[in-house]
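# let's see this in three dimensions:
(3 chains)
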Amino acid sequence: MTLLKTLAPAAALIALPTLGLAQDEGPVAGVNASTDTVFILNSLLFLVGGFLVFWMAAGFTMLEAGLVRTKNTTMQLTKNMGLFSIAAIAYYLVGYNLMYPLGDWSVGSDETGGYLGILFSTAKLEAVGIAADAADDYGYASTGSDFFFQLMFCATTASIVSGTLAERIKLWPFLIFVVVLTAFIYPIQASWKWGGGFLDSQWGFLDFAGSTVVHSVGGWAALMGAIILGPRIGKYAKDGKVNPILGANLPLATLGTFILWLGWFGFNGGSQLAMGTVGDVADVSRIFANTNTAAAGGAIAALILTQVMYGKVDLTMVLNGALAGLVSITAEPLTPTLGAATLIGAVGGVIVVLTVPLLDKLKIDDVVGAIPVHLFAGIWGTMAVLLTNSDATFMGQLVPIIIVGAFVVVVSAIVWFILKVTMGIRVSEEHEVTGLDTAELGMEAYPEFAKG
Amino acid sequence: MTLLKTLAPAAALIALPTLGLAQDEGPVAGVNASTDTVFILNSLLFLVGGFLVFWMAAGFTMLEAGLVRTKNTTMQLTKNMGLFSIAAIAYYLVGYNLMYPLGDWSVGSDETGGYLGILFSTAKLEAVGIAADAADDYGYASTGSDFFFQLMFCATTASIVSGTLAERIKLWPFLIFVVVLTAFIYPIQASWKWGGGFLDSQWGFLDFAGSTVVHSVGGWAALMGAIILGPRIGKYAKDGKVNPILGANLPLATLGTFILWLGWFGFNGGSQLAMGTVGDVADVSRIFANTNTAAAGGAIAALILTQVMYGKVDLTMVLNGALAGLVSITAEPLTPTLGAATLIGAVGGVIVVLTVPLLDKLKIDDVVGAIPVHLFAGIWGTMAVLLTNSDATFMGQLVPIIIVGAFVVVVSAIVWFILKVTMGIRVSEEHEVTGLDTAELGMEAYPEFAKG
Amino acid sequence: MTLLKTLAPAAALIALPTLGLAQDEGPVAGVNASTDTVFILNSLLFLVGGFLVFWMAAGFTMLEAGLVRTKNTTMQLTKNMGLFSIAAIAYYLVGYNLMYPLGDWSVGSDETGGYLGILFSTAKLEAVGIAADAADDYGYASTGSDFFFQLMFCATTASIVSGTLAERIKLWPFLIFVVVLTAFIYPIQASWKWGGGFLDSQWGFLDFAGSTVVHSVGGWAALMGAIILGPRIGKYAKDGKVNPILGANLPLATLGTFILWLGWFGFNGGSQLAMGTVGDVADVSRIFANTNTAAAGGAIAALILTQVMYGKVDLTMVLNGALAGLVSITAEPLTPTLGAATLIGAVGGVIVVLTVPLLDKLKIDDVVGAIPVHLFAGIWGTMAVLLTNSDATFMGQLVPIIIVGAFVVVVSAIVWFILKVTMGIRVSEEHEVTGLDTAELGMEAYPEFAKG
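Next up, the predicted model:
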């Protein structure tokens, strides 16, 4: 009797969740999120993060379309629409599998058929309406959401290159380079860190969302392209004078910067790779806040520095300052305090203001400033991990930067060179002067607007 | 005694969820998401999907503003701002209830007061701070989120029409047509499939996110408008020559395409209508990935095809190719593999490149190419369901396409015709030549920029 | 024996959640969302809401860049990029802590070190990878997500000011005002309502998402700036005639409006501050739907009213009408029905159309119409709470409007005046005529486009 009395309330408690009837009678479910809920929330982070990073493709397009001259705008739009589409397909066909199953790839496992097997195995999504326990990675997130998210990082790398090489590179050689970059160069080096490769396992390299893995890679590829391609006609006078070539539409460039800033919440926040626990979502929140303040720091630094150095604020530097702040915080958006993140971003802004003229001295013509923003600030950001994350080591950061840089420099130089000697990468002088839009595409971006 | 020992741990387990104290002591909650969590996650999908589809209204606006001439740009902006606002109100006042309770509507149920009752019953949201078991659809999602999501689809249909008829249609007749389209034409035919009507129940029609229900409907309405309205002055010369009329601002058109691409993740992904289980969120992920690759396929197909056919890439075709890829995958974004989705999208891109000249041969003047993109690729996409979804039947796809087409053609032709004979739908020849902005609105879109 | 039989099924039920194995065997988890899930979902609402409100900064930038003249566009872009960055840092350094721990601040608690302590204590995020029970506010949401969300509201206030004062205010005095506004003015008055201060506790003031706390504050600060700064040269002729100064790029202004409309779903929806229960997510859904229809109501009202009053539709009024609809519903986006929300928004649209000329009569030069939109419609929206929320009282709404208004008017007038007499706030007449871009920044927004 006594025993039965003791058990009665317990039985009632047990029954409740099963009956599903006790909505307003206090908490019934447990404390942790359920296994399914964690899976859903992690996948949701990838989907929302992924569409935000997708949006960055539009940001790069607007930024670049605003910073080139009107006579080359249609071409720049075409390149950006093309490069994203190519990245989407190349990463699906080759890149994704090349990037992730590095273990298998290295040993040429039977399952995948070795090197060639990987090359010919395309990304595969989970089956439709999959049962939970049949999910590829039950307990974590859906494969489709992961693929969607990672694809956008690969495409970002290609977006970085297009801005630097604007106004003089031919369309098709550029697009072929994008194929190689997104199918091979990006995925192979990304596997070294994010695919569990040697930069991760042997060097303890820390690069949270890709200051090195994404941004510096785009920057190095752009740098080699810029060197091999040469500067635009008229940019550098024989007497050493630099002739500024003005962007034709600054509202577009500003819009592009805002788009990139917005997309970066997905870029860095999504790189937490999980939000199914209290700790994970609090980390994603930290990352959002730090990413924002780093961008603000970069913009303010450029605002003040251009005022001090030149006596007037330079909007394009402010825009690139914000972007450099974003790149700088990308290697470690989690561990800094808001103050540290602001300063890390501010240093990025300073780097841009100081190195844009430096590139010009070297006669490396970077139309939109992508090399200072993505390469120089990317290196800074990667080293800055040392300031706030005690797991980072100096050599563990520096050596991978060099390894990745050397790999991308060598391979992309080879690819650019092959393209140069085979099909040629530069439009004719006449076409460059006329403008790529009329000469190569027969379509002006602003056909009704008179030239000033 | 033995019994008590056995029960002791059980009692402890029972107690934990109730006490809510065991955060770090292993999983406590169950495997499935709780009933409330499912409700929240499904509603969240509608909200996020809905704001992404809202964003498509901006995408259409930018696309169209970029593809018309400067002299008609203010008018195009005004039409788009107006049509979305009208759709929002008309769908709330009439459309939503007309679309969903089809059963009731058909039989004229007492509850709703029959046909007239439906017409005068407006959409109603759930009460504020509703208790879970009082929710309209507890176990699924909030009514408000569903209304918000569905409203955006209705508005999309109207956005499709405005592009085709640009540069010559009067503002008010166009807006009146939008009232009819969004209050009656769209909801009635949508109820046949999505309201559980005969296309769904009798024909087994499959149209996941609306290649037919949304895109072809907009396309048919645009087609009838274009025929009844006639082409722009100067578009078709008497000798049969087609005079291309160039879009004035291609960066805007490209921005619009990127906005639409982004919004389409909500359009197709949200149409899964649920993400509260592992299977559902994995499906949403598949849809995101497939939607993206179909757009890429369409863009690349148009890129290559215009190069091959015309010896140079045509940016506006690439933009429309991406959009056609998106329309093509909309009828079935779930079942295809990534490869199939890419190809389905690519065929959409090919269709656009081949049919834009066809319309010109028929002297049907479609300013932005909306008919090839939304109608032709919409039909293709609807038939392409047969390729990857074994539940689809040939007649089950074809006949609904025809039924919906016939309905929209007849009703919209009648409405356009009535508008033509009563208030007139076309601006005067003088106003058309001057431009609608100055002549009809007295406000230029770019008042300071000189004409080239 | 009997007892054991009774207990057996109970024991099985108990075991399931612990073992985590029963995915497809019916609901196992409870009805309510788990404590962690609620925390995650609430934080997620702040993150998604926050990035949407961030996006509004881009919306204001595009709106203003489209409504100023080309000669002042670079300056307007620079101001907007600068003000957001300043707001981000000022709110982190001072504003956030000033706004929230009002209780502590008022009494000068030991913990914070009193007034000065608050001033020198910056916002702090939760520790990295925090354990659930160590979260600042376990059971609610992460501090980082809350900070991120609230920051965006502070920045919005500053964005409102920049439009009104365009085309004649100097860059640096404006940015210094932004520092004061975002570090002190906004947070102090916001603490009176949202920090649990006297407007909340003593007056029962209801302002859901900030028609008064955000929008009227920006509006009052803009009004005082406009009065002290004076109108643009040439705007008001000596004979009392008003010379309209046209916006140079209406597609940009329209894009800005769409961006703001999109961002407002985060602004109002996120202000529910929770979505971890059925009731909360259903409320967020209501808010999304009401916010949308209020914007539509405002746009349609302006569309019809300008047609009736002036015989032609005025696009800039339609844009501002939509925005006024959004501001109007912001004080109470939850309790209205869709019909009431539409009408509340429509009244906002009417207010804009009627008061824009009124300001001109008073020779208050508001370049983009921010005062009618944010101040007048903000007051209307705050009073309109009385129409649908029975908790609101007439004096409880009116008096806080006046108190907040008086505070902002006095303090911002003092700040503007100090700036005026110290460094000067207005560019020289010569620079204003030349245009701020060339004269102050040396950088044109559209350098290649000829002036018409």
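# what packs against the one helix or strand residue A:188 maps to?
Residue A:188 belongs to helix A:186-193 when assigned by DSSP states H and E. Under the contact criterion of 3 or more CB pairs under 8 Å, 6 or more residues apart in numbering or on different chains; DSSP states H and E, helix A:186-193 touches helix A:96-99, helix A:102-107, helix A:143-164, helix A:198-201, helix A:217-229, helix A:394-422. For the C-beta atoms, the positions are set from N, CA and C on the backbone; glycine is no exception.
# name the residues of the stretch 101-250 of chain A found near chain C, please.
A:131, A:132, A:133, A:246, A:247, A:248, A:249, A:250 (CB under 8 Å from any CB of the partner chain).
# again, 7 Å this time
A:131, A:132, A:133, A:246, A:248, A:249, A:250 (CB under 7 Å from any CB of the partner chain).
# burial measure for the residue of the stretch 101-250 of chain A found nearest chain B, as a count.
At 3.0 Å from chain B, residue A:144 is the closest residue in the stretch 101-250 of chain A, using CB to the nearest CB. Neighbour count of residue A:144, defined by other CB atoms under 10 Å in any protein chain shown: 29.
# residue contacts, it?
Residue A:144 makes contact with A:125, A:126, B:282, B:285, B:286, B:288, B:289, according to CB atoms under 7 Å, 6 or more residues apart in numbering or on different chains.
# so where is the stretch 301-450 of chain A shaky, pLDDT-wise?
For the stretch 301-450 of chain A, no stretch is flagged by pLDDT under 70.
# helices of that one, start to end?
All helices of the stretch 301-450 of chain A, identified by DSSP state H, counting those that start in this stretch, fall at A:315-330, A:338-361, A:370, A:377-388, A:394-422, A:429-434, A:436.
# can you say which of the ones you listed is nearest to residue A:49?
Taking CB to CB, helix A:315-330 is the member of the helices of the stretch 301-450 of chain A nearest to residue A:49, at 13.3 Å.
# return the residues of the stretch 251-400 of chain A in contact with chain B.
Counting by CB under 7 Å from any CB, the stretch 251-400 of chain A sits next to chain B at residue A:252.
# still on that earlier bit, which one is the residue of the stretch 101-250 of chain A closest to chain B nearest to, not counting chain neighbours?
Nearest residue to residue A:144, sequence neighbours excluded (CB to CB, 6 or more residues apart in numbering or on different chains): residue B:285, at 3.0 Å.
# cool, residue A:176 as well?
Nearest one to residue A:176, counting by CB to CB, 6+ apart, is residue A:419 at 6.3 Å.
# got the contact list for that neighbour?
Contact analysis of residue A:419 by CB under 7 Å, 6+ apart lists A:173, A:176, A:177, A:425.
# per-residue confidence for the first one?
Right, the one you point to is residue A:173. pLDDT, residue A:173: 98.
# okay, now it: neighbour count?
Neighbours of residue A:173 (other CB under 10 Å): 22.
# show residues contacting the helix or strand containing it.
Assigned by DSSP H and E, residue A:173 belongs to helix A:171-180. Contacts to helix A:171-180, defined as CB under 7 Å, 6+ apart, come from residues A:75, A:78-79, A:82-83, A:86-87, A:90, A:158, A:165, A:415-416, A:419, A:423, A:425, A:440, B:313.
# now with 6 Å, please.
By CB atoms under 6 Å, 6 or more residues apart in numbering or on different chains, the residues outside helix A:171-180 that reach it are A:79, A:82, A:83, A:86, A:90, A:158, A:415, A:419, A:423, A:425.
# list only those of those residues flagged as buried.
Neighbour counting by 16 or more other CB atoms under 10 Å in any protein chain shown classes A:79, A:82, A:83, A:86, A:90, A:158, A:415, A:419, A:425 among the contacts of helix A:171-180 as buried.
# out of these, which is nearest to residue A:215?
residue A:158 (12.2 Å).
# residue A:87 is in contact with that closest one, correct?
Yes: under the criterion of CB atoms under 6 Å, residue A:158 makes contact with residue A:87 at 5.0 Å.
# for these two, list the residues in contact with both.
Common contact partners of residue A:158 and residue A:87 (CB under 6 Å, 6+ apart): residue A:182.
# wondering if the helix or strand harbouring residue A:77 reaches chain B at all.
Counting by DSSP H and E, the element that carries residue A:77 is helix A:73-90. Yes: judged by CB under 6 Å from any CB of the partner chain, helix A:73-90 comes into contact with chain B through A:74, A:77, A:78, A:81, A:82, A:85, A:88, A:89.
# possible to save these as JSON lines with pLDDT and distance to residue B:42?
As requested, the residues of helix A:73-90 next to chain B are exported to JSON lines (pLDDT from 0 to 100; distance: CB to CB, whole Å):
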{"residue": "A:74", "pLDDT": "98", "distance to residue B:42": "43"}
{"residue": "A:77", "pLDDT": "98", "distance to residue B:42": "38"}
{"residue": "A:78", "pLDDT": "98", "distance to residue B:42": "40"}
{"residue": "A:81", "pLDDT": "98", "distance to residue B:42": "34"}
{"residue": "A:82", "pLDDT": "98", "distance to residue B:42": "37"}
{"residue": "A:85", "pLDDT": "98", "distance to residue B:42": "32"}
{"residue": "A:88", "pLDDT": "98", "distance to residue B:42": "28"}
{"residue": "A:89", "pLDDT": "97", "distance to residue B:42": "32"}
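# among these, who's most crowded?
Counting neighbours by other CB under 10 Å, the top entry in the residues of helix A:73-90 next to chain B is residue A:85, with 32 neighbours.
# wait, it touches residue B:300, no?
Yes: using CB under 6 Å, residue A:85 is in contact with residue B:300, at 4.9 Å.
# the residue nearest to residue A:41 when sequence neighbours are not counted - how many residues pack around it?
Nearest residue to residue A:41 in three dimensions, chain neighbours excluded: residue A:276, at 4.4 Å (CB to CB, 6+ apart). As a burial measure, residue A:276 scores 27 neighbours (other CB under 10 Å).
# most tightly packed of the helices of the stretch 301-450 of chain A?
Highest mean neighbour count of these: helix A:315-330, a mean of 33 (counted as mean count of other CB atoms under 10 Å in any protein chain shown).
# quick one: contacts of that one?
The contact list for helix A:315-330 (CB under 6 Å, 6+ apart) reads A:209-211, A:215, A:257, A:264, A:268, A:290-291, A:294-295, A:297-299, A:301-303, A:306, A:341, A:344-345, A:348-349, A:352-353, A:369, A:373-374, A:377-378, A:380-381, C:74, C:77-78, C:81, C:443.
# what distance separates it from the centre of its chain?
14 Å (CA atoms, centre = their mean, to the nearest Å).
# next: stretch A:132-143.
Centre-to-centre, stretch A:132-143 and its host chain are 26 Å apart (CA atoms, centre = their mean).
# just the buried positions in that stretch, please.
So for stretch A:132-143, counting by 16+ other CB under 10 Å, buried means A:132, A:135, A:136, A:138, A:140, A:141, A:142, A:143.
# now do the phi/psi pair for the fifth one.
Comment: the main-chain dihedrals of residue A:140 come out as phi -130, psi -80, following degrees, to the nearest 10.
# residue A:39 versus that one, what's the distance?
Computed as CB to CB, to the nearest Å, the residue A:140 to residue A:39 distance reads 7 Å.
# and for these two, which residues touch both?
In contact with both residue A:140 and residue A:39: no residue, using CB under 6 Å, 6+ apart.
# closest residue of the stretch 51-200 of chain A to chain C?
For the stretch 51-200 of chain A, CB to the nearest CB, closest residue to chain C: residue A:132, 4.2 Å.
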